[in-house]
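**Student:** Need coordinates for the following:
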Amino acid sequence: MPLPLARPLRRGLLLAALYGAAAPAWMPAVAAPPRRDGPRYAGRAEVAAFAAEVASRRGLPRRWLQLQLAQARRLQAAQRLIMPPPTSAPPDWERHRAQFLRADRIAAGAAFAQAHRRWLAAAESRFGVPAHIVLGIIGVETYYGRITGRHRVIDALATLAFDFPTGRSDRSAFFRGELEEFLVWCAREGADPQAQFGSFAGAMGLPQFMPGSVNRWAVDFDGDGHTDLLGSAADAIGSVANYLAGHGWQPGLATHHAVGLPAAEADLLALLGPDLTPRWSPAQFGERGATLPPAAHEQGAPLALVELRNPGRASHYVAGTANFQVITRYNFSRFYAMAVIELGEAVRAEFDASPAPAERPPVPPLSAERAAAPGR
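**Tutor:** Numbering: from 1, shown residues only. Got it, this is the predicted structure:
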């Protein structure tokens, strides 16, 4: 097998250079990568053995794998940031929400939606995932491309694969798998493994996919022959929608409903359950003394009572559907899912309220809701 050609996949950087100070509001900011001063992984026996295993298992050139891994450096930031914080404040939904439901992030999301409205509509049509949910995920993950990570992915993954820090459960096997997936993706795409940047854990692009998720769920939505989650907003949009659809998203089903709590504590505890799996019908919610809006009864889908805690203050509750749980498959956090939903709704409202530019071509609406809005 010939050595893969190096393709940087940095179209975002080229566009930023062309636009300069006049870059659109959605365009990712370009930051210089941090200085790399850790030791290289060249000469380590376990790294050489890993290269041989991947070459045999995935049909990649052994010499190419050895050359790429030899240039990886230990990343102290990855070792530090993968550890749990020494002290952690109790979960606080209102504080978490405030981090994402900011006017500047909402405005950036509306600008991103305007710039990529055609792809959002196409993804909603193809995968059944509403545009505002995709917008919420990209906004929470990377502030619409502004915060995509400054670490070389190969450094982050090699560090966590071969020098995972002690003091917490060892996940080095997981990161070895992700390092393998990263190298497979680079070989397939002709991407230079030394030129890909992401988070301290190796997540990449606008949606912050780990390499394994890139290989399983990323789509070439703009049809250019490559899956580029950093330089192609279209690919990022389509890939997020494909991921959610692949994890069970149900088109037309709400993510949650407002809920009135039962008076009896025993009924409240029973509805809360052990996790976010919807187990209760709307009728069973009613039997436990909880009240739901008519839409919940009309859909009739199973529900889970979701508690969003606020230390020292009353918790916030919603009745989550299966689609709420699907969002937690992206990040296993009820705070995350609710922040995605509320940010997406705020961006949709901002987009719908903004005047359409005179030069806007006739394209599909952002969502079904917008199509039904008066005056649109």
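**Student:** So this structure: which segments form each domain?
**Tutor:** 11-83+143-224, 256-320 (automatic domain parsing).
**Student:** And the residue nearest the centre of the protein?
**Tutor:** Pro207 (4.0 Å; Cα atoms, centre = their mean).
**Student:** In the stretch 251-376 of the chain, what residue spans correspond to helices?
**Tutor:** Taking DSSP state H, counting those that start in this stretch as the test, the helices found in the stretch 251-376 of the chain are 265-272, 282-287, 294-299, 322-328, 334-353, 368-372.
**Student:** With mean pLDDT as extra columns, can I get those helices in a markdown table?
**Tutor:** Compiled in a markdown table, the helices of the stretch 251-376 of the chain are given as follows (pLDDT from 0 to 100):
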| stretch | mean pLDDT |
| --- | --- |
| helix 265-272 | 96 |
| helix 282-287 | 98 |
| helix 294-299 | 98 |
| helix 322-328 | 98 |
| helix 334-353 | 97 |
| helix 368-372 | 37 |
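**Student:** between those helices, which gets nearest to Gly198?
**Tutor:** Judged by Cβ to Cβ, the one of the helices of the stretch 251-376 of the chain that comes nearest to Gly198 is helix 334-353, at 18.6 Å. Glycine gets a C-beta too; all of them are placed from N, C-alpha and C.
**Student:** Kindly export that closest one (C-alpha atoms) in CSV.
**Tutor:** Output of helix 334-353 as CSV, limited to C-alpha atoms (Å, rounded to 0.1, in the frame of the first residue of the first chain):
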residue,chain,number,x,y,z
ARG,A,334,-28.5,16.1,31.6
PHE,A,335,-27.1,19.6,32.0
TYR,A,336,-25.4,19.2,28.6
ALA,A,337,-28.6,18.1,26.9
MET,A,338,-30.7,20.9,28.4
ALA,A,339,-28.1,23.5,27.5
VAL,A,340,-28.0,22.2,23.9
ILE,A,341,-31.8,22.4,23.7
GLU,A,342,-32.1,25.9,25.2
LEU,A,343,-29.2,27.4,23.2
GLY,A,344,-30.6,25.9,20.0
GLU,A,345,-34.1,27.4,20.8
ALA,A,346,-32.5,30.8,21.5
VAL,A,347,-30.5,30.7,18.3
ARG,A,348,-33.6,29.8,16.3
ALA,A,349,-35.6,32.7,17.9
GLU,A,350,-32.7,35.1,17.1
PHE,A,351,-32.5,33.8,13.5
ASP,A,352,-36.3,34.0,13.0
ALA,A,353,-36.3,37.6,14.4
